[in-house]
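J.: attaching a predicted model along with its sequence, questions to come.
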Amino acid sequence: MESMSSLRIFFSTCPILLSVLFLSFGCSSIPTESKRISDEVKSIQENFKIEGKFKLSNTDSKETGYFVVEKYINTVSLTIGKNYLLPEKVIVLDIRENLNLNEFIEDKNLVNNLPQIDIESFLQLLVEGNSKNLGNKGIDVKIEKESFSSAASKIYLGHSDFELLIIIKNIWKS
């Protein structure tokens, strides 16, 4: 009983410490499915979610950030952010539409003639590690795979005007 009363007196005199303890235990979370599950997603016909980072080098600028691609039936949602404290940009497209690579550039004052990539080819590149349609547009594609996985871990897209590096962190079915 004596220890309980001493704890009560200690916490009543140090409310900041008590607040820090409540916040640290109350705001903690346990990540679910944080490991890379690339072998489960075999084709772009499935529903999946991909998280990763990107670096776009252009003649005028360099942009870095993170992305989240969610595919559900024929709808693709692409979330692009610079860091987790700034607002994100969400682009929702049909699988038959094109993705303008200028969407990765935050500064809209920079006018660039970056090509458009059809979403289906982009998803094939991320999930299956190949895309024949990008080579037809004059875009060089280099893929690095981890030794234990059949999915790509790093993808380099190169053109005369830009170079885009995509690093895939997580892939899982949704």
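T.: Arrived safely. No experiment lies behind these values; they were computed from the predicted model shown. Numbers count the residues shown, from 1 in each chain.
J.: what comes up buried for the helix or strand encompassing Gln124?
T.: Element membership for Gln124 (DSSP states H and E) is helix 119-127. Along helix 119-127, these residues count as buried under the neighbour rule (16 or more other CB atoms under 10 Å): Ile119, Glu120, Ser121, Phe122, Leu123, Gln124, Leu125, Leu126, Val127. C-beta here means a position set from N, CA and C on the backbone, and glycine is covered the same way.
J.: likewise stretch 83-98?
T.: Those would be Leu93, Ile95, for stretch 83-98 by 16+ other CB under 10 Å.
J.: report the helix or strand with the lowest average pLDDT across the protein.
T.: When each helix and strand of the chain is scored by mean pLDDT, DSSP states H and E, helix 15-26 comes last, with a mean of 56.
J.: give the next helix or strand downstream of it.
T.: Defined by DSSP H and E, the subsequent element after helix 15-26 is strand 48-58.
J.: that next one pairs with which strands?
T.: According to DSSP bridges, strand 48-58 forms sheet pairs with strand 62-72 (antiparallel), strand 162-173 (antiparallel).
J.: okay, angle between it and helix 119-127 too, please.
T.: 100 degrees (axes from the mean of the first three to the mean of the last three CA atoms, to 10 degrees).
J.: name the surrounding residues that touch stretch 151-160.
T.: 38-39, 41, 114-115, 125-129, 134, 138-146, 163-168, 171 (CB atoms under 8 Å, 6 or more residues apart in numbering).
J.: got a PyMOL select line for the buried ones in those residues?
T.: Of the contacts of stretch 151-160, the buried ones can be selected in PyMOL as follows, counting by 16+ other CB under 10 Å:
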select buried, resi 38+41+114+115+125+126+127+129+134+139+141+164+165+166+168+171
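J.: what packs against the helix holding Gln124?
T.: When contacts are defined as 3 or more CB pairs under 8 Å, 6 or more residues apart in numbering; DSSP states H and E, helix 119-127 sits against strand 48-58, strand 62-72, strand 98-100, helix 132-136, strand 152-158, strand 162-173.
J.: span of stretch 55-65 from start to end?
T.: Length of stretch 55-65, first residue to last, CA to CA, to the nearest Å: 7 Å.
J.: sorry, slip of the keys, the one I care about is stretch 52-64.
T.: Termini of stretch 52-64 sit 11 Å apart (CA to CA).
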